[in-house]
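Participant: My questions concern the predicted model and sequence given below.
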Amino acid sequence: MSRVSGPWPPVDVEPPAAHPKAPAPGTDLGVHYDECFGCGDDVEAGLHLRSTVGEGNTVHSKFTVTPAHQGAPGLAHGGLLACAFDEALGSAVGNLLRRPAVTGKLETDFRRPVPVGSTLYIEARLDGTAGRKIYVSADGRLDAADGPIAVSARGLFVQVGFEHFSTHGDPQALDKLAEANRKNERTRGDEWEINP
Ligand SMILES: CCCCCCCC/C=C\CCCCCCCC(=O)SCCNC(=O)CCNC(=O)[C@H](O)C(C)(C)COP(=O)(O)OP(=O)(O)OC[C@H]1O[C@@H](n2cnc3c(N)ncnc32)[C@H](O)[C@@H]1OP(=O)(O)O
């Protein structure tokens, strides 16, 4: 089987156009939901991924592999690495395009083992949009922003309405999250909205 995937994006796309209210390069993005496995502070064994806006429709994320993330002894579990890319790519979509969207497809290439204790530096980028379809990709480098690529990913996010979350998710938790965000907006004086 070839390691080379087909052309990307796989369809004709519009170039990505960042939302006029997208956070500027250099902005730390913080946690979008405390109980998110990818970034939440309340999930002890979670990835605690942290992200910053980069130049040119990119988001830079970092996470450090702990013993809670092992598959083989001393090595990161591939599924949790895929989770880190889902989070990093989702953060690029949510923050730069400010469109509510969910992962439709996520492809990962695991190129090098990722040991416990190492830090993955992920650069996620918007590749283009086609209607509701948003194409993104990312590279994860070992222990430095210019380290060797350990994992690469490509993803398709699909824009959804808010009812996707209210119908299929937990309405009470959504209300709590919305209230917390309203408080933050008042504190920070901005109009920040959150894709759950
Ligand atoms: C107000 C905004 C404010 C922003 C502020 C930002 C704050 C911070 C932001 C954010 C951080 C977030 C970080 C989190 C990241 C984690 C994300 C996740 O893990 S999400 C959970 C996992 N994913 C699911 O659970 C989806 C489950 N799937 C579905 O619900 C549906 O299948 C869905 C919505 C994906 C599509 O269903 P349909 O009925 O709406 O639409 P159909 O017609 O099926 O698809 C639309 C188009 O997409 C293509 N498509 C869909 N899935 C595809 C696939 N797997 N492969 C190829 N194409 C696919 C289809 O072929 C179609 O294309 P054609 O329009 O016909 O050209």
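Facilitator: Arrived safely, thanks for sending. Numbers count the residues shown, from 1 in each chain.

Participant: CA atoms for contacts and neighbours, from now on please.
Facilitator: Will do.

Participant: So which bits of the helix ranked longest in the chain are buried?
Facilitator: The single longest helix within the chain, with elements called by DSSP state H, is helix 171-188. Of all the residues in helix 171-188, those buried under the rule 16 or more other CA atoms under 10 Å are Leu177, Ala178, Asn181, Arg182.

Participant: Of those residues, which pair is most distant in space?
Facilitator: Leu177 and Arg182 (8.6 Å; CA to CA).

Participant: For the lowest-mean-pLDDT helix or strand in the chain, name the packing helices and strands.
Facilitator: Using mean pLDDT, DSSP states H and E, helix 171-188 stands out as the lowest-scoring helix or strand of the chain, at a mean of 81. Applying 3 or more CA pairs under 8 Å, 6 or more residues apart in numbering; DSSP states H and E, we find helix 171-188 packed against helix 163-168.

Participant: From one end of stretch 19-33 to the other, what's the distance?
Facilitator: Counting by CA to CA, to the nearest Å, you get 21 Å between the two ends of stretch 19-33.

Participant: Around the ligand, pick out the residues from the chain.
Facilitator: Residues of the chain lying close to the ligand (CA under 6 Å from any ligand atom) are 32, 86-87, 90-91, 94-95, 98-100, 102-105, 133, 158, 160, 193-195.

Participant: Sitting in strands, which of those residues do you find?
Facilitator: Val102, Thr103, Gly104, Lys105, Lys133, Val158 (DSSP state E).

Participant: Contacts only, for the most centrally placed residue in the chain.
Facilitator: Geometric centre of the chain, nearest residue: Ala88, 2.2 Å, by CA atoms, centre = their mean. By CA atoms under 8 Å, 6 or more residues apart in numbering, the residues touching Ala88 are Leu49, Ser51, Val59, His60, Ser61, Ile122, Glu123, Ala124.
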